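Visitor: Here is a sequence with its predicted model. Questions after.
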Amino acid sequence: KKFSQGSSLLLVHVFMFGSVMIGLITNPASWYFAQVVATTLLTIFLYEFETRRRYLILGLLIGLIIATRPSAGFIGVLMLWILIFKLFKNNLTKKHFYNFFLFLTPVAFSILLLLLFNYIRFDNPFFDNYKNVENELIISLARNQGVFNFIHIPSNFYYYFLMPFSQVTDGSKPIFPFF
């Protein structure tokens, strides 16, 4: 987008420290690794989409994003919409269908591998572990309130701005990264 270096640095800092990424950065827990990988892949995807638009690379990135965090793969729907729009806006050529094929092949391969993994592991290709949690009471209470509800604003504000950092210790003394 041809931002100046100062504007680019400001944009990166706002993204890193003004969003939920700050929690991923300051809490180096292994279960957040998939979010960091998905964010990195999404950044690479957006860069490739804005610059060269190599459809095989875009498809590979979306396939990797789906394999990492399936919910983050919905950006592929936008890419698919752009491809379909190009197909019907211009005269249909073999190049358009070829690009469509290049984009969809790695995405379909990734989805098939995930379905196969679920089938091998759980004997059900459509197994959803979020529906199989043991704390169903807490989850059902949260579902009844809704994901996008104003009732969550006070607790989100507390956990994001007011809750103090917890110190990392080995039981008696602080250890790196200390917080």
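Guide: In hand now; what should we look at?

Visitor: Now for the residue nearest the centre of the chain: which residues touch it?
Guide: Central residue of the chain (C-alpha atoms, centre = their mean): residue 72, 3.6 Å from the mean position. By C-beta atoms under 8 Å, 6 or more residues apart in numbering, the residues touching residue 72 are 38, 41, 42, 65, 66. The way it works is simple: take the backbone N, C-alpha and C, and place the C-beta from them, glycine included.

Visitor: do residue 116 as well
Guide: Counted by C-beta under 8 Å, 6+ apart, residue 116 has contacts residue 125.

Visitor: Next one: it from residue 106, what distance?
Guide: Noted for residue 116: a distance of 15 Å to residue 106, by C-beta to C-beta, to the nearest Å.

Visitor: Now do the phi/psi pair for residue 173.
Guide: phi -130, psi 150 (degrees, to the nearest 10).

Visitor: And the pLDDT for it?
Guide: You'll see residue 173 listed with a pLDDT of 81.

Visitor: Near it, how many other residues are there?
Guide: 6 (other C-beta atoms under 10 Å).

Visitor: Quick one: low-confidence residue ranges for the protein.
Guide: For the chain, the stretches with pLDDT under 70 are 130-131, 133-139, 142, 177-179.

Visitor: And the helices in it, which stretches?
Guide: 5-17, 21-26, 33-50, 55-68, 75-89, 94-122, 136-145, 153-157 (DSSP state H).

Visitor: Can you tell me which of those is packed in deepest?
Guide: helix 55-68 (a mean of 22; mean count of other C-beta atoms under 10 Å).

Visitor: now it and helix 94-122, what's the angle there?
Guide: 20 degrees (axes from the mean of the first three to the mean of the last three C-alpha atoms, to 10 degrees).

Visitor: now what about helix 55-68, what contacts it?
Guide: Defining contact as C-beta under 8 Å, 6+ apart, one finds that helix 55-68 is touched by 34, 37-38, 41-42, 44-45, 48-49, 72-73, 75-76, 79, 83, 99-100, 102-107, 109-111, 113-114.

Visitor: Please repeat the previous calculation with a cut-off of 7 Å.
Guide: 34, 37-38, 41-42, 44-45, 48-49, 72-73, 76, 79, 99, 102-107, 109-111, 114 (C-beta atoms under 7 Å, 6 or more residues apart in numbering).
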